[in-house]
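> one predicted model, sequence on top.
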Amino acid sequence: MGYSREVYESAEKILAERKKTAEDKAEKRKNEFYQICPEAKNIESALSKTAILAAKAVLSGKSAKEQLTKLKNHNLTLQNKFNELLIFSGFDKNYLEPNYTCTNCHDTGYIDGRMCSCMKKLLRTQAYKSLNALTPLTLSTFESFYLDYYPDTTMKSGKSPREIMENVFYNCKNYAETFSMSSPSLIMQGGTGLGKTHISLAIANIAIQKGFGVIYCSVNNIISKLEREHFGRENGNTEKLLLNCDLLILDDLGTEFKTAFSSSEIYNIVNTRLMTQKPTIISTNLSIQELQERYTERFASRIMGDYVRVSFCGKDNRLQKLFRRQ
């Protein structure tokens, strides 16, 4: 899977920082140990000299095998003495070694010229962050979601918007806290300003904290990006990222400019993720009938049959917040 140059540079920078931090800390530990045990520093100097002598022995060609055997034995004696001093001082024999984040590649990102799994994971994470940056919204939380904005007047159904939204709130919070790759897909429906974006972002926040790869994006922005990539105006592999991430959140379905390309892409993303059993959350102001009219009956049928519907009700919270500030 290819990534943009910016994603590669970002991942490589993170690895370089990890490597430097690990080695700087190891060097600090070594200097502190040498202050406690100066003899150990002398041994390290002697070990460095044996390496130089070994190189000279190979180059001289005279009795090189015999000299190398002697140097090897001397080297082992010095190493054993060094480890004895380390343990005697109360430290583990690996105390002076760098504690790399990845013990396989030592935070270089590659093993024998092949990309390490840590580099692949980091590239994926940075690509998700790059896509998530398309939305100007910060990740919301359930703690900052206020039910006071919903009317407590009883409706014909016998419940108030506040009661309904309290149930929505706790069900979505439980969905986030128990999220797994077997979690169902959700479609959040309701008018503008009822909290769909806030709740979906709060779910994203918890899922990310649990270690899942999450992509959150407005449908309008992501379709524009997919279109630029499809027609060669921009490099990237956004479609693959959308199809393969652990949780995809598509915000404001129905606000994108309607074209044959956009309708086809949306259906492909939704259908493919259902077939591969990857959870998706869609938020929209459209009813099921409006989804059917805007897209296709087949699309609406997939949503009705395989998504759990979450209905939002009440008055526009954004307007209420604005009026309260005035």
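Nice, I can see it.

> going by C-alpha atoms from here, please, whenever you check contacts or count neighbours.
Fine.

> care to break this protein down by domain?
When the chain is parsed with automatic domain parsing, its domains come out as 5-118, 134-325.

> okay, these, which one's buried deepest?
domain 134-325 (a mean of 17; mean count of other CA atoms under 10 Å).

> about what we covered before: where among the domains of the chain is average confidence lowest?
Lowest mean pLDDT of the domains of the chain: domain 5-118, a mean of 84.

> so which of the domains of the chain gets nearest T125?
domain 134-325 (6.9 Å; CA to CA).

> report the distance from that closest one to the chain centre.
How far domain 134-325 lies from its chain's middle: 19 Å, per CA atoms, centre = their mean, to the nearest Å.

> helices along the stretch 1-150 of the chain, start to end?
Along the stretch 1-150 of the chain, counting by DSSP state H, counting those that start in this stretch, helices occupy 5-36, 38-60, 64-88, 117-132.

> brain fart, the stretch 201-326 of the chain
Along the stretch 201-326 of the chain, the stretches classed as helices by DSSP H, counting those that start in this stretch are 219-230, 238-244, 260-275, 288-294, 297-306, 317-325.

> okay if I get those as a markdown table plus distance to G190?
Output for the helices of the stretch 201-326 of the chain, formatted as a markdown table (distance: least, CA to CA, whole Å):
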| stretch | distance to G190 |
| --- | --- |
| helix 219-230 | 16 |
| helix 238-244 | 24 |
| helix 260-275 | 20 |
| helix 288-294 | 11 |
| helix 297-306 | 15 |
| helix 317-325 | 12 |
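
> looking at those, which is nearest to L253?
helix 219-230 (5.6 Å).

> what angle do that closest one and helix 117-132 make?
Counting by axes from the mean of the first three to the mean of the last three CA atoms, to 10 degrees, helix 219-230 lies at 120 degrees to helix 117-132.

> and the longest strand anywhere in the chain, what does it pack onto?
If you go by DSSP state E, the chain has its longest strand at strand 247-253. Secondary-structure packing of strand 247-253 (3 or more CA pairs under 8 Å, 6 or more residues apart in numbering; DSSP states H and E): helix 196-209, strand 214-218, helix 219-230, strand 280-284.

> list the contacts of the longest one.
Counting by CA atoms under 8 Å, 6 or more residues apart in numbering, the neighbours of helix 196-209 from elsewhere in the structure are 139-142, 145, 169, 172-173, 175-177, 179, 188-190, 213-214, 216, 249, 251, 281, 283, 312.

> can you state the direction angle for that helix and strand 280-284?
Relative orientation of helix 196-209 and strand 280-284, computed by the same axes, to 10 degrees: 160 degrees.

> pull the CA atoms of helix 196-209 into CSV?
Only the C-alpha atoms of helix 196-209 are listed here, as CSV (Å, rounded to 0.1, in the frame of the first residue of the first chain):
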residue,chain,number,x,y,z
LYS,A,196,-24.8,13.4,15.7
THR,A,197,-21.3,14.8,15.0
HIS,A,198,-20.5,15.2,18.7
ILE,A,199,-21.5,11.7,19.5
SER,A,200,-19.7,10.1,16.6
LEU,A,201,-16.5,12.0,17.4
ALA,A,202,-16.8,10.9,21.1
ILE,A,203,-17.0,7.3,19.8
ALA,A,204,-13.9,7.9,17.6
ASN,A,205,-12.1,9.4,20.6
ILE,A,206,-12.6,6.2,22.8
ALA,A,207,-11.9,3.8,19.9
ILE,A,208,-8.6,5.6,19.2
GLN,A,209,-7.7,5.4,22.9
